[in-house]
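Enquirer: any chance you could fold what I've pasted below:
(2 chains)
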Amino acid sequence: MTRKDVESLFKTYYTQMYHLALTLLFDEAESKDVVSEVFASLLSGSTIVRADNAKAFLLASVRYRCLNVLQHKQVQERFARLLTDGTDTLISGNTVEEQMQMEELMHYVRENLSPMEQNVFQLRYLREMTCQEVAEALKVSRQTVHNHLKQSVEKIRKYFNSNSKAI
Amino acid sequence: MMTEKQRIEWLLELQEHPEQLTEEQLQQILADEEMRQLVKQLGFAKRAFKHDALKNDTPDVEGEWEKFAASHANELTNATRAEGKLACTIPCKEEEDESQLDALDEEKPKSHFHIYLFSHKIAASFIGVLLASGIAFAAIQVVRNISTPKPQQPTTEQTTDIDPVTSLPADTVKADTIPVEPYIFNNVPLDSMLTAIATAHGVGVEFENEAVRQLRFHFVWKREDSLSRVVEKLNTFEAVNIGMEDKTLVVR
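Expert: Below you'll find the model as predicted:
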């Protein structure tokens, strides 16, 4: 693995790798670290990447390292932040397939959740605000936030159950 | 038995105050298959929202590469030297030569990535190994006038990661030791020429038209030119039609 090889892999796949890490860790610094570690492991010479499977290999490495990071988090944190459980065997290992499932779900979300429900879900889980903080940000009552959130969760739940979408 | 609504209600409550739960309590709650599914599905939904939001996100890849290269400078240099199997033959005059070359190279970002090619034989075998292993590798080869070689001071030369490479027979290349000067391809197959240019710009090459691969050209490559400008100049040759497709030069 020469510098040039590493550089070209880095520049070609960094964005995809970083984004995959972000959709598992939801933390920019942690995600950057994971991607960096993957490239560092290439430099150590212990792994050899062939050009024809570089992408799959790099993405699988990112996924593996992210799950490892998640495993080392407290169970409480994983539960509160809805982080993927590292022992979960039901996550598809195939990034492309998984992203298609995600897009399908987002299509459903856009069709079936009101803008307010989507917004509340985003603030509560993506921005990791408490219901109280969401209420303040949206200038509504905490109860309203709670109701919207419940609606969102019920609808998402319905999506998985009615279509027997296994994840 | 909890209803669906109760379960969701309960989950939302619990998630507001996870610190009030011990790990055992949490394990018990998640032992309920329905609850576990719900948490998993919401986790996936969170990932889907994030994935959706990232569509408009473009990280600063160049900047991240600079950071990575800086923090792994030693490994990168070592990796390259090991690859060329030249690490053990660095001459004693290395430091002096290096500083001289660095001085010449001021206009470029300094790189600690140097390859020393001491003789045509080493260079040729080096290239042979790379070709055999199918690696499109770029290294510039400067041909020294070998009429006055000094055994104590082997000719050395430097490449940086943005210098071009030619995998040509040494005697067909005329090149300059100062990288900012134009690089002259004299009677060089299009194949080798494009590989060198593409590598310097970090893109790939693809030949859709195999026939032109071996056509030879005389071409002055001004390295300050942008890639599109170089392609434009090359396209003035009648037999050549090069297109740019998503980081790949396509020869039609």
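Enquirer: please parse chain A into its domains.
Expert: Listed domain ranges for chain A are A:3-80, A:95-162 (source: automatic domain parsing).
Enquirer: which of those domains comes out lowest on mean pLDDT?
Expert: Looking at the domains of chain A, the lowest mean pLDDT belongs to domain A:3-80 (a mean of 90).
Enquirer: quick one: closest of the domains of chain A to B:W221.
Expert: domain A:3-80 (18.4 Å; CB to CB). Glycine gets a C-beta too; all of them are placed from N, C-alpha and C.
Enquirer: that closest one and chain B, are they touching?
Expert: Yes - Domain A:3-80 lies within reach of chain B by CB under 8 Å from any CB of the partner chain, at A:3-8, A:10-12, A:14-15, A:18-19, A:22-24, A:26, A:32, A:35-36, A:39-40, A:43-45, A:74-77, A:79-80.
Enquirer: re the thing from before, JSON lines for the domains of chain A, including mean neighbour count and distance to B:E232?
Expert: Converted to JSON lines, these look like this (neighbours: other CB atoms under 10 Å in any protein chain shown; distance: least, CB to CB, whole Å):
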{"stretch": "domain A:3-80", "mean neighbour count": "18", "distance to B:E232": "23"}
{"stretch": "domain A:95-162", "mean neighbour count": "17", "distance to B:E232": "36"}
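Enquirer: how about these in TSV, adding distance to B:W10?
Expert: TSV is the format used below for these (distance: least, CB to CB, whole Å):
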stretch	distance to B:W10
domain A:3-80	13
domain A:95-162	11
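Enquirer: out of those domains, which gets nearest to B:V205?
Expert: B:V205 lies closest to domain A:3-80 among the domains of chain A, at 12.7 Å (CB to CB).
Enquirer: just how off-centre is that closest one within its chain?
Expert: Relative to its parent chain, domain A:3-80 has a centroid offset of 13 Å by CA atoms, centre = their mean, to the nearest Å.
Enquirer: show me chain B divided up by domain.
Expert: B:68-176, B:182-252.
Enquirer: would you single out the least confident of the ones you listed?
Expert: Least confident of these, judged by mean pLDDT, is domain B:68-176 with a mean of 48.
Enquirer: say whether chain A is contacted by stretch B:243-252.
Expert: Yes - on the criterion CB under 8 Å from any CB, stretch B:243-252 is in touch with chain A at B:K247.
Enquirer: for the strand or helix carrying B:Q6, buried residues please.
Expert: Assigned by DSSP states H and E, B:Q6 belongs to helix B:4-16. The neighbour-count check on helix B:4-16 (16 or more other CB atoms under 10 Å in any protein chain shown) flags B:7-9, B:11-12, B:14-15 as buried.
Enquirer: now for the longest helix along chain B, which elements pack on it?
Expert: With secondary structure taken from DSSP state H, chain B has its longest helix at helix B:33-53. Contacting helix B:33-53 under the criterion 3 or more CB pairs under 8 Å, 6 or more residues apart in numbering or on different chains; DSSP states H and E are the following elements: helix A:3-25, helix A:95-112, helix A:142-162, helix B:4-16, helix B:23-31.
Enquirer: export whichever helix or strand comes after the first one as PDB, just CAs?
Expert: On the C-terminal side of helix A:3-25, the closest following helix or strand by DSSP H and E is helix A:28-43. In PDB, the C-alpha atoms belonging to helix A:28-43 read as follows (Å, rounded to 0.1, in the frame of the first residue of the first chain):
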ATOM      1  CA  GLU A  28     -18.900  13.700  14.200                       C
ATOM      2  CA  ALA A  29     -15.700  13.300  16.200                       C
ATOM      3  CA  GLU A  30     -16.300   9.600  16.900                       C
ATOM      4  CA  SER A  31     -17.100   9.000  13.200                       C
ATOM      5  CA  LYS A  32     -14.000  10.800  12.000                       C
ATOM      6  CA  ASP A  33     -11.900   8.800  14.400                       C
ATOM      7  CA  VAL A  34     -13.400   5.500  13.100                       C
ATOM      8  CA  VAL A  35     -12.700   6.400   9.500                       C
ATOM      9  CA  SER A  36      -9.200   7.500  10.300                       C
ATOM     10  CA  GLU A  37      -8.500   4.200  12.200                       C
ATOM     11  CA  VAL A  38      -9.600   2.200   9.200                       C
ATOM     12  CA  PHE A  39      -7.100   4.000   6.900                       C
ATOM     13  CA  ALA A  40      -4.400   3.700   9.600                       C
ATOM     14  CA  SER A  41      -4.900   0.000   9.700                       C
ATOM     15  CA  LEU A  42      -4.300  -0.100   5.900                       C
ATOM     16  CA  LEU A  43      -1.000   1.600   6.500                       C
END
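Enquirer: just checking, what packs against helix A:28-43?
Expert: If you count contacts as 3+ CB pairs under 8 Å, 6+ apart, helix A:28-43 packs onto helix A:3-25, helix A:54-71, helix B:61-71, helix B:73-84.
Enquirer: what's the angle between that helix and helix B:61-71?
Expert: Here helix A:28-43 runs at an angle of 60 degrees relative to helix B:61-71 (axes from the mean of the first three to the mean of the last three CA atoms, to 10 degrees).
Enquirer: if we can go back for a sec, with distance to B:A69 added, can I get the helices and strands packed on helix B:33-53 in TSV?
Expert: What follows is the helices and strands packed on helix B:33-53, written out as TSV (distance: least, CB to CB, whole Å):
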stretch	distance to B:A69
helix A:3-25	7
helix A:95-112	26
helix A:142-162	42
helix B:4-16	42
helix B:23-31	42
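Enquirer: out of those, nearest to B:K247?
Expert: That would be helix A:3-25 among the helices and strands packed on helix B:33-53, by CB to CB, at 7.4 Å.
Enquirer: related to what we said a few turns ago, nearest approach to B:V250 belongs to which of the helices and strands packed on helix A:28-43?
Expert: helix A:3-25 (16.9 Å).
Enquirer: what about B:P18, how many residues nearby?
Expert: B:P18 has 16 neighbours, counted by other CB atoms under 10 Å in any protein chain shown.
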